[in-house]
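Asks: Fold the following.
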Amino acid sequence: MTGWICYSRMKVFIEKAFAAAVRPTAQFRSRLTLEASSAFAPQIRNSPFVGWEHVALNLFNPRSVTSRERRRHAICPWHASMRHSLSKLACVVATIGLAFEFGLRTQAQVASFYLAEDIGSLGGGYTVGGAINDNGEISGYATTPDGNSHAIRFSSQQGLETLNPPLSPSQLQGVGINNAGDVVGIILLNSGESVTGFVARRGQPMQLLADPFGTYVSYATAINDAGVITGKGQGLNTFRWYPSGAFDNLGDGQSSMVSWGINASGQLAGYGSRFIGGAYLSTAFRYSDAAGFVDLGSLGITRSMGLGINAAGVVVGSSDLDSTHSHAFRAIPGGLMEDLGTLGGPTSGANAINDGGTIVGWATLANMQSHAFVYSDADGMVDLNDRVLPGTPRLDIAYGINRTGQIVVTYSLPGQVRTYRLTPTTADVTPPTIDSVVATPASLWPPDGSMRPITVTVSAHDDRDPSPRCSIVNVAVSEDQQPLPSGADVTLTGDLSLLLRATRSGTSSGRTYTIAIACTDASKNRATASTTVIVPHDSSPH
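Replies: You can find the predicted model right below:
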């Protein structure tokens, strides 16, 4: 529910102060450097600015991302001064004795199969879902043909909704969503002069979020079912904003804090950044009222990001191992950060965890392709591309997972990024249903020995595959129910077309061609049926 929407193939470094830099103009674009690398941008260089107030969400100029960058793996909004490499892996397994029933670890198994549903688009090149609630509703953003970005809410009942702002900004992005369907995110105002967080409650006007002094927050990233919102304030601190108007300004006075997840108890997950010994360091945190900010450390030396948290306080995210490798992690309360591994490549990142402990994110293969994953202790890290219909476009990044195991995931097409909602189900073992098979013509006359063209029309449907493939698999020839060799009397010309010879024995009652059809769905389940073409003895029947 409290998903993170750092769009997967871009990262944006701001070269001016945050509020002045983020604008969808040529001037704005000239102030941004877009680079695709690992999830923690370990090779970012040459920015004089520090502090998370200079970090922007990377939606404002999606068209400027090159095709090469789109092929790279997920990118997170790391500040441009993060330039120091990390050293060797320091991952250790968290305390084994923590109770399973509290969601600290998961005994749940990954679904054997997922149904993929495209959530649609607004006509532009990008539809990116970033979070999903327990009702299967999705928040995110989509572009229109003019290139503008709009915050969206998707539901099965309403389809893709555009969330209207109170003013006329150029760009919006929905980030988090709760079970009431309330969406929070970021809005660009005054032609790019300011950026602020918003909440769009179902059936109500969009509201800009401000602290008690009237200062707008920089952006809102997550909302729980009580309506408590978190994200990034205008200064160093993160915050909790309450529907009553109460406001918690949270920080340690030294680090720049940003939160990306909030649970029902108001615990936060995020990361804090500051200079230590001349180096700019960032580490994931868990925040609670009882314990304050708990530094979760890293898998290497310096850099980690908390991006999701569940009801048990388990935090997931990504951590650098060294200057070129980053891995997804899980941090259980009372335990140490755990390395969740990869899918064979050097990098991975976890974006969300549900209350059952199932984790989703992205990981690279050995060929450096980014693939969406789902993780459980029972199954380990599973490539979601192996759990959908063959032929489904490659699933790049999973951003959110709800209590029932539905997942919001992006996929790429040439010039486009789109979003699926994956719904867990059982493996497809049911073959297609063949409703009818008709051969045209069904009778050949006169029996002059010529080869006649035949077309077979098949009507078939499948419970999962919208287009099962049907073809001719065999043609049997018989006269008076005695089989004959087909020889040169049958020639296939296509999947559902053929030539048959108009001939029969003068002593028989006629010839029958029995055409067998097989229809196969994407899971290789197969159904068969047949139709006949006759060469009558006396004349063509009418």
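Asks: any weak-confidence spans in the stretch 151-300 of the chain?
Replies: Along the stretch 151-300 of the chain, segments meeting pLDDT under 70 span 166-170, 189-193, 276.
Asks: which residues of it fall in strands?
Replies: 159-162, 172-177, 183-189, 194-200, 207-208, 219-223, 229-232, 238-241, 247-250, 256-262, 268-276, 279-288, 292-295 (DSSP state E, counting those that start in this stretch).
Asks: Adding mean neighbour count and distance to residue 333 as columns, could you present the ones you listed in TSV?
Replies: For the C-beta atoms, the positions are set from N, CA and C on the backbone; glycine is no exception. Listed next are those as TSV, based on neighbours: other Cβ atoms under 10 Å; distance: least, Cβ to Cβ, whole Å:
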stretch	mean neighbour count	distance to residue 333
strand 159-162	16	37
strand 172-177	30	22
strand 183-189	28	25
strand 194-200	24	28
strand 207-208	15	33
strand 219-223	29	19
strand 229-232	29	18
strand 238-241	25	19
strand 247-250	17	18
strand 256-262	29	14
strand 268-276	23	11
strand 279-288	22	7
strand 292-295	15	8
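Asks: Tell me which of those approaches residue 392 most closely.
Replies: Distance to residue 392, taken as Cβ to Cβ, is lowest for strand 159-162 among those, at 20.0 Å.
Asks: And for that closest one, what's in contact with it?
Replies: 119-122, 127, 142, 150-155 (Cβ atoms under 8 Å, 6 or more residues apart in numbering).
Asks: if we go to 7 Å?
Replies: Identification of contacts with strand 159-162 by Cβ atoms under 7 Å, 6 or more residues apart in numbering yields 119-120, 122, 142, 150, 152-154.
Asks: Identify the farthest-apart pair in those.
Replies: The most widely separated members of those, counting by Cβ to Cβ, are 119 and 150 (13.6 Å).
Asks: who's in contact with residue 527?
Replies: Applying Cβ under 7 Å, 6+ apart, the residues near residue 527 are 431-434, 519.
Asks: which one of those is nearest residue 336?
Replies: residue 431 (49.4 Å).
Asks: The closest one and residue 525 touch, don't they?
Replies: Yes. Contact status for residue 431 versus residue 525: in contact at 4.0 Å, counting by Cβ atoms under 7 Å.
Asks: Now the most centrally placed residue in the chain: which helix or strand?
Replies: Nearest to the mean C-alpha position of the chain, by Cα atoms, centre = their mean, lies residue 409 at 1.0 Å. Assigned by DSSP states H and E, residue 409 belongs to strand 407-413.
Asks: Within its sheet, name the partner strands of that strand and how each one runs.
Replies: Looking at strand 407-413 with DSSP bridges, its partner strands are strand 395-401 (antiparallel), strand 416-425 (antiparallel).
Asks: orientation of it relative to strand 172-177 in degrees?
Replies: Here strand 407-413 runs at an angle of 150 degrees relative to strand 172-177 (axes from the mean of the first three to the mean of the last three Cα atoms, to 10 degrees).
Asks: What average pLDDT does strand 407-413 get?
Replies: Averaging pLDDT along strand 407-413 gives 96.
Asks: that older thread, list buried residues within the contacts of strand 159-162.
Replies: Restricting the contacts of strand 159-162 to buried positions leaves 119, 122, 142, 150, 152-154, with burial counted as 16 or more other Cβ atoms under 10 Å.
Asks: which of those residues lies closest to residue 512?
Replies: Among these, and counting by Cβ to Cβ, the member closest to residue 512 is residue 119, at 50.8 Å.
Asks: what sits against that closest one?
Replies: The contact partners of residue 119, by Cβ under 7 Å, 6+ apart, come to 127, 129, 138, 154, 160, 419, 421.
Asks: of these, closest to residue 361?
Replies: Distances from residue 361 to these, taken by Cβ to Cβ, are shortest for residue 129, at 14.4 Å.
Asks: re the thing from before, in TSV, list the strands paired with strand 407-413 along with mean neighbour count, mean pLDDT and distance to residue 361.
Replies: Below are those laid out as TSV (neighbours: other Cβ atoms under 10 Å; pLDDT from 0 to 100; distance: least, Cβ to Cβ, whole Å):
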stretch	mean neighbour count	mean pLDDT	distance to residue 361
strand 395-401	29	98	6
strand 416-425	21	96	14
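Asks: As CSV, the ones you listed with distance to residue 220 would be great.
Replies: Output for these, formatted as CSV (distance: least, Cβ to Cβ, whole Å):
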stretch, distance to residue 220
strand 395-401, 16
strand 416-425, 20
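Asks: closest to residue 214 out of these?
Replies: Among the strands paired with strand 407-413, the nearest to residue 214 by Cβ to Cβ is strand 395-401 (32.1 Å).
Asks: quick revisit: any chance of the strands of the stretch 151-300 of the chain in TSV, with distance to residue 539 too?
Replies: What follows is the strands of the stretch 151-300 of the chain, written out as TSV (distance: least, Cβ to Cβ, whole Å):
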stretch	distance to residue 539
strand 159-162	58
strand 172-177	71
strand 183-189	72
strand 194-200	74
strand 207-208	81
strand 219-223	78
strand 229-232	82
strand 238-241	86
strand 247-250	92
strand 256-262	79
strand 268-276	82
strand 279-288	85
strand 292-295	91
